[in-house]
Every structure is written in C-alpha cells, then in structure tokens.
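J.: build the 3D model from these lines:
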Amino acid sequence: MSNKRTLTFLFFLFVFNVCNIFSQTITDDRHPLVSVLEIIQERYTIRFSYADITIANKTSVLPAENLELNDVLNRLERDCHLEFSVLNSRFIVIQPAKKNVTDIQKLDEVYLSDYLTSGISKTKAGGIAIRTKKFGILPGLIEPDILQTVQALPGVLSTDESVSNLNVRGGTHDQNLILWDGIKMYQSGHFFGLISSFTPNLTRKVEVSKNGTSAQFGDAVSSTIAMELDSQLNNEASGGLGLNLINFSGFGKVPITDKLEMQVSARRSITDVFETATYSNYFERVFQDTDITNSENTIKNDAFYFYDVNSKLIYKPSKKDQISLSATTTFNALRYIESPTGTSTNISSGIEQRNQAVGITYRRDWNSKFSTEAQAYVTHYKLDARNFKIENNQQLQQQNEVLETNLKLNTEFYVNPNLIWLNGIQVFEIGVSNGEATNNPPFKSRLKKIAISTSGYSEAIWSSTSNKTFIKAGLRANKYSISNQIHIEPRLSFSQKFLKYFKLEVLGEYKSQITSQVIDRQNDFLGIEKRRWVLANNTTIPTLKSKQASLGLQYKANKLLVSAEFYAKNVNGITTRSQGMQNQYQFVNAIGSYRVNGIDFLINKQFTNFSMWLSYSLSANDYTFETLNDGATFPNTTDITNALTFANTYTINNLKLALGFNWHTGNITTAPVVGNEVFDGNINYESPNSRHLKDYFRTDFSATFNFKFTETTKADIGVSIWNLFNTKNNLNTYYSIEPDDSILKIEKRSLGITPNVSFKLTF
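T.: The predicted structure follows:
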C-alpha cells in the first residue's frame, strides 16, 4: 500500500473512531440514516430537508428518547459528518459537512446549545460561542451586531450603552482582548461606540471567555473576544446586500479555482447622504456635552460617516496545507465648520479614528494527529483630532497612534481521541505614540514608547470517553522588555457532569497586560473619544496583573437551564487616569487595584416556538489606592451592584419576534457637599463614588421575517425599536465650577426611543 493510501486510511480510521467514541446512544445498533431521520421527525414534530445523495449509504445509531433536539442534531453531525442548519422551529436542512478532523473536535466542545437564543452556545471550557449563521434574534437587534450580542451575556454590560466601553465583571474596556481572525484590534466601535465595527457577514464564530482563558491568549486582564472568519473553501459563489437606516452593506464569497477563494465584506454609513431619525438620535447621544454641542459659535456643514472593509483570501494548495490572508480597515470621521455669529469667518475642526490590519496564516496538517499554524500580522490604530478655538485664535491638534507587529507559532497534537496537547510561542513589538501641538502659544510634543513581549505556552485539553469530565489546563509565560520580570500565568477550566442533569464548573486564571487607555483631560479629542492608548513603564503606569477564580453550577433538563456562577477577581496596577473619574481624583495620578466579588445567575426555558430567559448579576466592585481616601476602599466607577435582563423570543415559520427589558442599579457618581459646595476655589466633594444615579431601565423590541425573493435569492426584513418606552436614563452626572463660584451640574442622557429598519438579500 502506498504512503498516500496509508495516510488516507489512517485519516478515515481516526475520523471513524472519533465519531464512534463521542456518539452517546442507548444502543450500538446502526440503522440507515433515512430511517433514523423518520423516527426523529415524528418524535420532535419536525421536518428534514435534504438531497438523497447527501444521506446515501449513511448509517447511525438511534438517539435516546430523553435527549433534547439540539443534542440529537449535534450527535448526528459528529456521527455522520453532516451539517444540520435549523431554519425555524419545524424545518431543518441537512448538508454535507465541510469540516476536517480539527472541526469535529471543536464541535464536540459545545456543551449547551441555544444558551440564550439559537446560535449562542456554552462550551465545555466555560466560554460562550456565537455562530452568526445560526443566530436567532435578540431584543433590539435585527442582525447579529457582535459586541451588542456580547452584552446580552450575564456579567457583561456597558455603563454608557457603548460597544466601545464593555465592562466585563467590573473591568474597563481596554482590559478586553478583541481579536479579529487572530489579529488584535484597538478600535471596536463605529459612531464612536454605538455600533460594532465588526460586521457579521464574514464572521463564522465569536467565542467569549470571561475566565479560564486559553493559554494561547495574553495581554488582557479581563475578557477575551475572539472572532473567527470562515476558513473553509466554498463550492459555490454566494453573497448579499443589506440596507438599514444607518448604513449600506454587501459581501461576497467567490471561489476563483477549486483551491483559491476570495471573501470580501464592506459597509458604509448613509448618514452623510441623508439624515434619518435613527441617525439624529445617535448623533444627539454621542455628541452631547462635547465641543461640537458646547460651542457658542454657529456649527454648519457637520458631516459624519464611517465605513469598514474586510477581506480574506484562502489558498489550499494541497489537502494538508492552507494559506490565508486577512485584511481589515475601519474608519470614523466627523468634520464640521464653526462660524462666529455675525461674521463670515469659517474654521474647520474634526476628528478621525481608524484601525487597519493585515495578517497571513499558514496551517499544515502533517498527519491525522499533528498540525502546526504560523501567523504574522500588523495592526495599526490612529486617532487624530483638530480643534480650533476661535475666541483665542488657538488651534489644538492631538494624535494617538498604536503600531503592533506580531508573530505566533502554534502546534496541536491529538494524543488520542480524548486528549489534545497545544504548544506555542508568540513575539510582538508594540509602539505607542501620543502627540499634541498648538499654534498659540507655539508648542509641540510627541512621545513614543516601544516594548517587546516574548511568550511561550503549553496547554492540555482532556475529555473523558463518557463525555462527563472535561479539563483544560495550561501555563503561559510572558517576558516584557520594560522589565526583567517573567510573568507566569496558569489557566484552568474544569467541568464535571453528575446526577444526569447537573454540571460543576471550576475556572481560574492569572493574566497580565502592558497596554491600557487613559484620560488626560475630559475634553481631549473634542470630548468625543477622549481615551488614548499608552504603554506601561513600570513607574507611573505599571504592568496590569489579574487573578480570577469562579465556581459554577448548572442544571439542564427538559429544555430548562438554571445556572449560577460565583467569582472573585482582583486586578493590580490600575491608575486613576485609566478609570474615567470625574470627581476630586480627576487630575490625580495614583496607582492602585480593584476587587470584584459577584454572582452571575441565568434561568432559560425553551418551548417549541418560544424561549424566555432571565439573567441576574450581583457584584461588589471596590478600589484600593493607598494614597487616596486614607487608603480605604471606595466603589469602582464601573460598579453596578444589581443588573437584570428578562427577554422572550418567539418563532413561527419565517417570523421571529423578541421583546425584553434591561434594568440595573444606576451608575456611580460623586456629588458636592450640600451647603458647602465650594472650598478654596474648588468643588468640595463628598466621599468618592459614594452615590448611585437613578436606576437604569430600557425595553427593546425586534422582529425579522425571511422569505424567498427569487428562486436563488432569500430576503430578510427586520424592524427594531431600542428603548421602546423612551425611558429617560441618566448615564453620567458630573460637576464643574463657574467663574462666579457657582456649581454647574452636567448630565449625560441615554439613547432615547430609536427605531431601525433593515432589508437584506442573500444569494
């Protein structure tokens, strides 16, 4: 037998063994798949759609009657190497799978399907996987906006309704690692935070890890949000066009040859062409209390727009080798002209924000057990602002820039069907620069810092044959050039099923980070995007270090899920400049830590066409700064003691409906002392962060309907209403002192009732 035939034989033997070991059924007797499908159809009142050739000569065991439909479909996918796509509550399409051995293993990592809605699953490792193609519907969303969807998860929220300010278990946004096809991104939002800058058109899966992060990932002390693009060659060309009240989008996947494919997605705002009610609400929300709204001069010709372009080239020269080239660019721009009343003078100001990145990945499957993957990428972030003060003839220019180059080598060794061993090294160089220049008086400053990080990691993933025990244990070591210290970071994810319906989960991790965002002045960058990236220097800006542990218990039976997770998280090395304080410590630069203790609770009940869930988070989040507040702890600016979400989704044929509300304790604020507001020319504040604003409450609604537009084209119509009852929520209250020593109270309001309508064609 030739070597090629031997390897082919071993490959298929391995696939057969994996399917056989992980398929849990009540009997080992195999039946023709067509017969099994007929029984399942009657058992669950559903209908399968497939071509006869797809299931020809395939056999399967008959799943146990007490299994839920999602578990049955997952097992049939593994057992028969097929792909089951759920169209609605009754119809399921069966297609040939386009997965290799690695994908089969990854598929088995899913523990809970339909965690909140279809397309959102809980993994064995404790993370959350979001599959955009199978995504159902969430209140307020008419398409799977990636970072808005992440906020639906317990323990994740945004204190200012922004996707550029995700607070995961009390952390700030810059403490999240956001990866786009393995590339780190430093910008996450359009419209300066109200819309995710990552389009779902090419994104295959998003995996969110709040704890127990894989040892592959570093340089972020809070969560990891990893977006994966489609990496498989498609047999046919496909694409789509979409339009809503904010932007126009399109995408296409075009096979050039049987070994080469091009994928492209683009989106651009329509806000500079014509103004919609949605745009007006967004504009009012984003630019309140900024230079563009606070100016005493006439503002005219204000133009705002954004765009993003994503592309991926996949080349598969052989069955063992694959090369992919990924590139993305995101861009936001605001330009406006100021003119003093009664004059003809026109002064131009504006702000631009962009993130460009390109990466190349080479993967080789040496045999059925061993594979390697090498990746190199460059990511570049730049924020520019120009602000002209007419009253003193002063022009201020500000700039923040990040340039990162990264090399990573990862190996996967399938020791046996139950054990995977990962090893790898990662090296990156990051340069961060900040610049300011004024013309009156003449001044120019530009500071640039560079650091190199070298990391190595090893991780073992083991799952028992009974599929009841799962362990992922890893170790990562980081060496940063800014110090001689080596940061050792153990990672752990352990789960154990018991008493048939229960699961115990233990997660833990150590992490470190050398990049963060700070605020020098609240009106920097026109007050719109005032945070700037900086690099740790181990003096005024330390390396961030975190420790986290959690214990979870889950119950799943009869389409009922009850989950509770207790956690404790501690982060050292934060600075007051990175926390967005607007009180007595606003201009103080102190170093400290924060500690969060909390519980995330979820109950989800599913019926035939109906799903409802309630999530609740209770936490205590406190700072400790030895040089502030006499060393005593005080509440974190992101402290939200109680947060509750209740939502319902209903699916009937091609119609999907969703209604839900979000409630949480009001945001933190610090008020002046009543009756003694001013002391020695400054605001006399109460104890720091000692008050909460009024509770936050918002109700959202969305509906989508899909139908056949032509023989080869499908259409989707969507309608959503954000803040259905137009609730007036106060997101932030702070104070300033006037020339006459009076106190000015400033309030930032949430987004009011905001409708959106979408129309999408896919072909």
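J.: how about the helices in the stretch 201-350 of the chain?
T.: If you assign secondary structure with DSSP state H, counting those that start in this stretch, the helices in the stretch 201-350 of the chain sit at 277-286, 291-294.
J.: and of those, who's closest to H664?
T.: The minimum distance between H664 and the helices of the stretch 201-350 of the chain falls on helix 277-286, with 18.1 Å, by CB to CB. All C-beta spots, glycine's among them, are computed from the backbone N, C-alpha and C.
J.: from the chain's centroid, how far away is the closest one?
T.: A distance of 23 Å separates the C-alpha centroid of helix 277-286 from that of its chain, computed with CA atoms, centre = their mean, to the nearest Å.
J.: and that helix, C-alpha only, in PDB?
T.: Provided in PDB are the C-alpha atoms of helix 277-286 (Å, rounded to 0.1, in the frame of the first residue of the first chain):
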ATOM      1  CA  ALA A 277     -34.500  59.600  12.700                       C
ATOM      2  CA  THR A 278     -32.100  56.800  13.800                       C
ATOM      3  CA  TYR A 279     -29.100  58.900  12.800                       C
ATOM      4  CA  SER A 280     -30.500  62.000  14.600                       C
ATOM      5  CA  ASN A 281     -30.900  60.100  17.900                       C
ATOM      6  CA  TYR A 282     -27.400  58.600  17.600                       C
ATOM      7  CA  PHE A 283     -25.900  62.000  16.800                       C
ATOM      8  CA  GLU A 284     -27.600  63.600  19.800                       C
ATOM      9  CA  ARG A 285     -26.500  60.700  22.100                       C
ATOM     10  CA  VAL A 286     -22.800  60.600  21.000                       C
END
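J.: for it, name the packing helices and strands.
T.: Secondary-structure packing of helix 277-286 (3 or more CB pairs under 8 Å, 6 or more residues apart in numbering; DSSP states H and E): strand 754-762.
J.: from the chain's centroid, how far away is the strand it packs on?
T.: Between the mean C-alpha location of strand 754-762 and the chain-wide mean there is a distance of 22 Å, by CA atoms, centre = their mean.
J.: what angle do that strand and helix 277-286 make?
T.: Using axes from the mean of the first three to the mean of the last three CA atoms, to 10 degrees, the direction of strand 754-762 lies 130 degrees away from that of helix 277-286.
J.: and strand 754-762, which residues are buried?
T.: With burial defined by 16 or more other CB atoms under 10 Å, the residues of strand 754-762 counted as buried are T754, P755, N756, S758, K760, L761, T762.
J.: list the neighbouring strands of it plus their orientation.
T.: Using DSSP bridges, the strands paired with strand 754-762 are strand 238-244 (antiparallel), strand 714-722 (antiparallel).
J.: will you turn these into TSV that also has distance to E626, mean pLDDT and mean neighbour count?
T.: Rendered in TSV, the data for the strands paired with strand 754-762 read as follows (distance: least, CB to CB, whole Å; pLDDT from 0 to 100; neighbours: other CB atoms under 10 Å):
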stretch	distance to E626	mean pLDDT	mean neighbour count
strand 238-244	50	95	17
strand 714-722	42	95	19
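J.: circling back to that earlier point, so which of the helices of the stretch 201-350 of the chain gets nearest G424?
T.: Taking CB to CB as the criterion, G424 comes closest to helix 277-286 out of the helices of the stretch 201-350 of the chain, the separation being 40.1 Å.
J.: hmm, which helix or strand of the chain has the shakiest average pLDDT?
T.: Counting by mean pLDDT, DSSP states H and E, the weakest-scoring helix or strand in the chain turns out to be helix 3-22, with a mean of 38.
J.: one step back: distance to S453 added to the strands paired with strand 754-762, as CSV?
T.: Converted to CSV, the strands paired with strand 754-762 look like this (distance: least, CB to CB, whole Å):
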stretch, distance to S453
strand 238-244, 39
strand 714-722, 40
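J.: for S223, find the nearest of those.
T.: Between S223 and the strands paired with strand 754-762, the shortest gap by CB to CB is with strand 714-722, which sits at 23.8 Å.
J.: give me the helices and strands touching the helix or strand following that closest one, please.
T.: Remark: after strand 714-722, the chain's next helix or strand is strand 730-737, criterion DSSP states H and E. The contact analysis (3+ CB pairs under 8 Å, 6+ apart) places strand 730-737 against strand 668-669, strand 682-683, strand 743-749.
J.: dump these to CSV, plus mean pLDDT.
T.: Conversion of those to CSV gives the following (pLDDT from 0 to 100):
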stretch, mean pLDDT
strand 668-669, 96
strand 682-683, 92
strand 743-749, 93
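J.: in JSON lines: those, plus mean neighbour count.
T.: What follows is the helices and strands packed on strand 730-737, written out as JSON lines (neighbours: other CB atoms under 10 Å):
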{"stretch": "strand 668-669", "mean neighbour count": "22"}
{"stretch": "strand 682-683", "mean neighbour count": "15"}
{"stretch": "strand 743-749", "mean neighbour count": "13"}
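J.: how many neighbours does the residue nearest to N201 when sequence neighbours are not counted have?
T.: In space, not counting the residues next to it along the chain, N201 is nearest to F251; the distance is 3.8 Å by CB to CB, 6 or more residues apart in numbering. F251 sits with 21 neighbouring residues when counted by other CB atoms under 10 Å.
J.: report pLDDT for F251.
T.: According to the predicted model, the pLDDT of F251 comes to 96.
J.: same thing with the one 3 residues further on?
T.: pLDDT, the model's per-residue confidence, is 95 for V254.
J.: one more: the one 5 residues further on?
T.: For K259, the model assigns a pLDDT of 94.
J.: picking up where we left off before, comparing the helices of the stretch 201-350 of the chain by mean pLDDT, which bottoms out?
T.: Looking at those, the lowest mean pLDDT belongs to helix 291-294 (a mean of 73).
J.: so what sits opposite K511 in the bridge?
T.: As assigned using DSSP bridges, the partners bridged with K511 are S546.
J.: and this structure, what are its domains?
T.: Taking automatic domain parsing as the reference, the chain has its domains at 1-97, 224-359+397-402+511-535+565-762.
J.: mind giving me JSON lines with the ones you listed and columns for distance to T372?
T.: What follows is the domains of the chain, written out as JSON lines (distance: least, CB to CB, whole Å):
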{"stretch": "domain 1-97", "distance to T372": "17"}
{"stretch": "domain 224-359+397-402+511-535+565-762", "distance to T372": "11"}
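J.: report the buried residues of stretch 245-264.
T.: By neighbour count with 16+ other CB under 10 Å, stretch 245-264 contains the buried residues 245-247, 249-253, 255, 261-264.
J.: which residues does H692 contact?
T.: H692 makes contacts with T641, T665, G666, N667, I668, T669, as judged by CB atoms under 8 Å, 6 or more residues apart in numbering.
J.: if we use 7 Å, what do you get?
T.: With CB atoms under 7 Å, 6 or more residues apart in numbering as the criterion, the residues that contact H692 are T665, G666, N667, I668.
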